[in-house]
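Participant: pasted the sequence and its predicted model underneath.
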Amino acid sequence: MQYFPVFLNLQDRSCLVIGAGQVAERKIRLLLRTAAQMDVVAPDCTENILRWADEGRIALHNRTYRSSDLKNRQLVFIATNNHRLNQQIFAEAERLGIWANVADAPEYCDFILPSIVDRGPVIAAISTSGRSPTLARKMRREIERLLPAQLGRVAEWLSAHRPTVMDRFPDETVRQRFWQDLLDTNVMEMILNGQISQAEQQFNQMLDEIDHHRKGEVYLVGAGPGDLELLTLKALRLMQRADVVLYDRLVSDAILEQVRRDARRIYVGKKRAYHAVRQEEINQMIIELASEGKRVLRLKGGDPFVFGRGGEEIAGLMEAGIPFQVVPGITAASGCAAYAGIPLTHRDYAQSVTFVAGHLKDNESLQLDWQLLARPAQTVVVYMGLENLDQLLAQLLNHGVPKERPVALIEEGTSEQQRVIIGDMTTLPQRVREAQVRAPTLIIIGEVVRLHDSLRWKE
Ligand SMILES: C[S@@+](CC[C@H](N)C(=O)[O-])C[C@H]1O[C@@H](n2cnc3c(N)ncnc32)[C@H](O)[C@@H]1O
């Protein structure tokens, strides 16, 4: 069962709690924080339930359940200590279309009460969809630690300033950006520290910087080789700021999930045959979007400056006078090597490392400095080399590389699906064919590959 998070406004809603004892008491205690109208049916009650009834906060019916209790209810909480009775009440509620929740029985719940972290109007809800209350509690503790106790105060302050911002910036995009920019300053700390006049000053100053909030800019960001946790903090921050994201094939769904939810997503994955034309189109699109005042995230696999054509993209921005930032990412060579347990350099085996692109120039042949790549005591990393693996290894053999030199091919490096295929200059191609590998793949050639046997740490 998978629950969908919804926050209900219980103001004046008619809720019914059936049951006595601690479980019912816990539900009632939660509901008392809302403005729900609450009736409680319980043959015998805890001290607290009696007190709440005395205080007029709940209407207590000191008896056993009757079917008529369900009439005109919107939510019902069932917590008697009779399992069959709970099921029977649940079935009756279902027939009447009333949402019901049987305590500690996820299979008899139309809704659940998540674990919450409550900071005044700011509420974080955590649920494991009934799978593990212990995990939910652990997550709650972690979130408790992250959210300052006075966070509610910040929300109230921001809320009080919304009409002013609405007047000043009628355009929604500009308004959103104003809020983002404001929260990127230390205004939150000021409010939390009670320095309200400083916060007001900061707010007023930013209200005057209208041009700044209107201006578009571009973030050229490296998303790393695949594993979500290899994203940089800066990449994450800018992903949350962007109005629109242009991404390509190498950016995984999990990474794309981190982009601001309401940002427009544009897939610009490249088809190899149309590479040159498409790149120009992408460059143009980025410029147009930024000129419209958008914050454009150009999200690329690995590092944008390693076989990523990042240089061409920012050259266009430079010419058009559009502000931009470049955020490096972990390139495939570093990511794949680390996760395969193959150090790219090593005191005993390789004093240098060279990255090369293994695709054909003009659809003809590989044009690389074979003499240089064939030298000993180095590591050669080949990007985009799968299709031309045979030609690549044949050229190296022709230029004097011994056939025993070890070679690794890493498929979908750093992801859950990562596979590492090891061979040498003559055996690897056949092993790769047998393994039926899929892109993206990276090839590492050099004596360091031998270390994979002893240094591999990932299954
Ligand atoms: C156009 S290049 C982009 C490289 C990227 N900018 C970087 O820094 O990793 C694409 C090539 O990178 C390599 N690559 C990228 N991610 C990879 C991964 N997770 N596993 C293996 N190879 C990868 C593959 O060789 C793929 O064909």
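Facilitator: Cool, got the structure. Residues are numbered from 1 along each chain as shown.

Participant: hey, let's count contacts and neighbours off CA atoms from now on
Facilitator: OK.

Participant: what's the offset of the longest helix seen in the chain from the middle of its chain?
Facilitator: In the chain, taking DSSP state H as the definition, the longest helix is helix 275-291. Mean C-alpha position of helix 275-291 versus that of the full chain (CA atoms, centre = their mean, to the nearest Å) differs by 26 Å.

Participant: next, the buried residues of it.
Facilitator: Neighbour counts over helix 275-291 (16 or more other CA atoms under 10 Å) mark R278, Q279, I282, N283, I286, I287, L289, A290, S291 as buried.

Participant: next: stretch 43-55.
Facilitator: Buried residues in stretch 43-55, counted by 16+ other CA under 10 Å: C45, I49, W52, A53.

Participant: of those, which is the nearest to the ligand?
Facilitator: Nearest to the ligand among the buried residues of stretch 43-55: I49, at 58.1 Å, using CA to the nearest ligand atom.

Participant: just give the closest residue to that closest one, not the sequence neighbours.
Facilitator: Nearest residue to I49, sequence neighbours excluded (CA to CA, 6 or more residues apart in numbering): E25, at 6.4 Å.

Participant: do you know the pLDDT at that neighbour?
Facilitator: We have a pLDDT of 94 for E25.

Participant: distance of it from L70?
Facilitator: 19 Å (CA to CA, to the nearest Å).

Participant: the spatially most distant residue from the centre of the chain: what's its closest spatial neighbour, skipping adjacent residues?
Facilitator: Largest separation from the mean C-alpha position in the chain: R63, at 50.0 Å (CA atoms, centre = their mean). Distance criterion CA to CA, 6+ apart; nearest residue to R63, sequence neighbours excluded, is P43 at 4.0 Å.

Participant: check contacts around I58.
Facilitator: Applying CA atoms under 8 Å, 6 or more residues apart in numbering to I58 gives the contacts Q37, M38, D39, V40, W52.

Participant: quick one: the residue nearest to G130 when sequence neighbours are not counted from A125, how far?
Facilitator: Spatially, and ignoring its direct neighbours in sequence, G130 is nearest to P106 (6.0 Å; CA to CA, 6+ apart). Counting by CA to CA, the gap from P106 to A125 is 17 Å.

Participant: ok, D303 next?
Facilitator: In terms of CA to CA, D303 sits 36 Å off from A125.

Participant: then L231?
Facilitator: Distance from L231 to A125, by CA to CA: 26 Å.

Participant: comparing those two, which shows the higher neighbour count?
Facilitator: L231 (20 against 16; other CA atoms under 10 Å).

Participant: hmm, stretch 409-423 touching the ligand?
Facilitator: Yes. Using CA under 6 Å from any ligand atom, stretch 409-423 reaches the ligand at I410, E411, E412, G413, T414.

Participant: in that stretch, what's buried?
Facilitator: By 16+ other CA under 10 Å, the buried positions in stretch 409-423 come out as 409-415, 418-423.

Participant: can you give me the end-to-end span of that stretch?
Facilitator: Start-to-end, stretch 409-423 (CA to CA) is 9 Å.

Participant: off-centre distance for that stretch?
Facilitator: What separates the centre of stretch 409-423 from the centre of its chain is 23 Å, taken as CA atoms, centre = their mean.

Participant: contacts for that stretch, please.
Facilitator: Counting by CA under 8 Å, 6+ apart, 225-227, 332, 335-336, 339-340, 406-408, 428, 431-432, 437-444, 449 sit against stretch 409-423.

Participant: which of those residues are buried? Put it as a ChimeraX command.
Facilitator: Buried subset of the contacts of stretch 409-423, written as a ChimeraX selection, criterion 16+ other CA under 10 Å:
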select :225,226,227,332,335,336,339,340,406,407,408,428,431,432,437,440,441,442,443,444,449
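
Participant: near the ligand too, which of the contacts of stretch 409-423?
Facilitator: Among the contacts of stretch 409-423, the residues within reach of the ligand (CA under 6 Å from any ligand atom) are P225, G226, A332, P440, T441, L442.

Participant: now the third one. Nearest residue, chain neighbours left out?
Facilitator: Counting by CA to CA, 6+ apart, P225 is the residue found nearest to A332 once chain neighbours are left out, at 5.1 Å.

Participant: wait, that neighbour sits on G301?
Facilitator: Yes. Assessed by CA atoms under 8 Å, P225 is found in contact with G301 at 5.9 Å.
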